[in-house]
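A.B. asks: Sharing a model prediction with you, sequence too.
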Amino acid sequence: MISQNSLEFDKKHIWHPYSSAVNPNPVYPIESAQGVRLQLSNGATLIDGMSSWWAAIHGYNHPSLNQAIYDQTEKMAHIMFGGLTHEPAISLAQKLIQLSSDSLKKVFFADSGSVAIEVAMKMALQYWSSIGQPKKNKLLTVAGGYHGDTFGAMSVCDPVNGMHQLFSQNLMQHYFADAPYCDEATQRADLNSFTQLIEQHHQQLAAVILEPIVQGAGGMRFYCANYLVQVRALCDQYDVLLILDEIATGFGRTGSYFAYQQANIEADILVLGKALTGGYMTLAATLTSDKIAEGINHNGSGILMHGPTFMANPLACSVANASLDLLATGRWQQQVMQIEKQLSEELNICKGFSSVADVRVKGAIGVVELKQAVDMATIQQQFVDLGVWIRPFNKLIYLMPPYIIEPQELSQLTQAIITVLRNNGEENC
């Protein structure tokens, strides 16, 4: 059991994510986790609605994933990837190439999603520079996006309503179109702003970067596949690369293995992370085509100047292989469909609350958007008191549970949201 002294040390000395080091929000000590349940130090159990920031799709303490870690530890926990290779990385690259688009044949492993985004941006910029077009050095993206917290990634996150306004003067400047919008009735996409920018600036544009179908931490906004179809066509028309960021959406979360598959398009560069290892280890991958690799090699060197120390970590690659094997032999499609159906039915009541601006569901993602931001410390405690782990941000209360969640467990999560909104008078949450 975590002692009170340890918790006091944590409060005084450990800087938690998106938090103040001087006046931090409360943290809740975890002793263990099993399936979809988190065991607190005080003996209480919480139903996990977050999949540990969307990564633990198989739940916690899964025997197959545990065994993969154990088996690999007996061989080697880590080895540098410069000048060396190993079977777990080779096997994982083979799986990712087989699962993704036909054109994606090259795999670069990184140690986090943000770093994988940096790699994707480097690939795009170096490609154009190597083939003699160094002026194509800007990116086009959309408002409402989020791609990570490192400086390159921050530069393509929403510059107005995102989390990184403080650094706006320190970031490379790119182009931002209006957030994706599709008419729900007709599924017709509005690309007026995007089209105008790509027409005007294509000679400067190295790539477009988007989160397919779902904009994650930038606001949990969903948009139709038709938008992506038209973006791909415009990129082809104006000779601009397309980077798709599937860090949050990959591996089944939206109902298809990758979200971009719902548009039947291909990326020039694809970025994966989060659920890649089933939430066990930090690992990401940037996939690209022979065309991009050969373009980067145009001047004869072909060297991509990037090499994380823990690139292709054998433990991470081994558990990623095991996670992908679980998806290949499991019933994740049915599980995600059932979660989507249940979320739609049970969160629908929130549409009638005066404090709620919108309720939306896509795959194993359920979102209740409020009209004003929540008080994080207060609402977090209320959810914990109800036996659930739900971590809202800004105006959003959302669920991204592990795929293995049972219907009654999912109902505990949705009922907790309804209860908290009602207990707060549906206002000033």
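C.D. replies: Nice, thanks for sending it over.

A.B. asks: For Pro407, the count of nearby residues, please.
C.D. replies: For Pro407, the count of nearby residues is 12 (other Cβ atoms under 10 Å). To be clear about C-beta, it is placed using only N, CA and C from the backbone, and glycine gets the same treatment.

A.B. asks: Actually, Asp183.
C.D. replies: Applying other Cβ under 10 Å, I find that Asp183 has 11 neighbouring residues.

A.B. asks: before we move on, what about Leu7?
C.D. replies: Applying other Cβ under 10 Å, we find 15 residues neighbouring Leu7.

A.B. asks: With adjacent residues omitted, what lies nearest to it?
C.D. replies: Leaving aside its chain neighbours, Leu7 sits nearest to Pro29 (6.3 Å; criterion: Cβ to Cβ, 6 or more residues apart in numbering).

A.B. asks: Averaging pLDDT per element, find the lowest-scoring helix or strand in the protein.
C.D. replies: helix 151-154 (a mean of 92; mean pLDDT, DSSP states H and E).

A.B. asks: Identify each buried residue in that one, please.
C.D. replies: Using 16 or more other Cβ atoms under 10 Å as the test for burial, helix 151-154 gives 152-154.

A.B. asks: For Pro212, give its distance to Ile265.
C.D. replies: For Pro212, the distance to Ile265 (Cβ to Cβ, to the nearest Å) stands at 9 Å.

A.B. asks: Any chance you could list residues touching both of these two?
C.D. replies: Shared contacts of Pro212 and Ile265 (Cβ atoms under 8 Å, 6 or more residues apart in numbering): Leu228.

A.B. asks: who has more neighbours, those two?
C.D. replies: Neighbours around Pro212 and Ile265, counted as other Cβ under 10 Å, are more numerous at Pro212. The numbers are 28 against 20.

A.B. asks: Wait, Pro159 touches Tyr175, no?
C.D. replies: No: at 10.6 Å, Pro159 does not count as touching Tyr175 under the criterion of Cβ atoms under 8 Å.

A.B. asks: List the contacts of Gln380.
C.D. replies: By Cβ under 8 Å, 6+ apart, the contact list for Gln380 reads 25-26, 391-392.

A.B. asks: Verify the contact between Cys224 and Ala185 for me.
C.D. replies: No: when contacts are counted by Cβ under 8 Å, Cys224 is not listed as touching Ala185 (10.9 Å).

A.B. asks: These two: who's more crowded?
C.D. replies: Cys224 (19 against 6).

A.B. asks: ok, the closest residue to that one other than its chain neighbours - contacts?
C.D. replies: Leaving aside its sequence neighbours, Cys224 sits nearest to Cys182 (Cβ to Cβ, 6+ apart; 3.6 Å). Counting by Cβ under 8 Å, 6+ apart, Cys182 makes contact with 188-190, 223-224, 226-227.

A.B. asks: try Ile97
C.D. replies: 104-105, 107, 287.

A.B. asks: how does it look with 7 Å?
C.D. replies: Ile97 sits next to 104-105, 107 when contact means Cβ atoms under 7 Å, 6 or more residues apart in numbering.

A.B. asks: now, among those, which is nearest to Gln261?
C.D. replies: Leu104 (12.5 Å; Cβ to Cβ).

A.B. asks: can I assume the closest one is in contact with Leu272?
C.D. replies: No: taking contacts as Cβ atoms under 7 Å, Leu104 lies outside contact range of Leu272: 10.4 Å.

A.B. asks: Pick out whichever of the two has more residues nearby.
C.D. replies: Comparing Leu104 with Leu272 by neighbour count (other Cβ under 10 Å), the higher total belongs to Leu272, at 28 against 21.

A.B. asks: what pairs with that one across the strands?
C.D. replies: Beta-bridge partners of Leu272, counted by DSSP bridges, are Ala285.

A.B. asks: hang on, it packs against Glu246?
C.D. replies: Yes: Leu272 is within contact range of Glu246, at 5.6 Å (criterion: Cβ under 7 Å).

A.B. asks: what is in contact with these two at once?
C.D. replies: Common contacts of Leu272 and Glu246 (Cβ under 7 Å, 6+ apart): none found.

A.B. asks: coming back round to it: who wins on neighbours among the contacts of Gln380?
C.D. replies: If you count neighbours using other Cβ under 10 Å, the busiest of these is Pro392, which has 20 neighbours.

A.B. asks: was I right about that residue contacting Ala373?
C.D. replies: No: judged on Cβ under 7 Å, Pro392 makes no contact with Ala373 at a distance of 8.9 Å.

A.B. asks: Name the nearest of the contacts of Ile97 relative to Ala233.
C.D. replies: Comparing these against Ala233 with Cβ to Cβ places Leu104 closest, at 19.1 Å.
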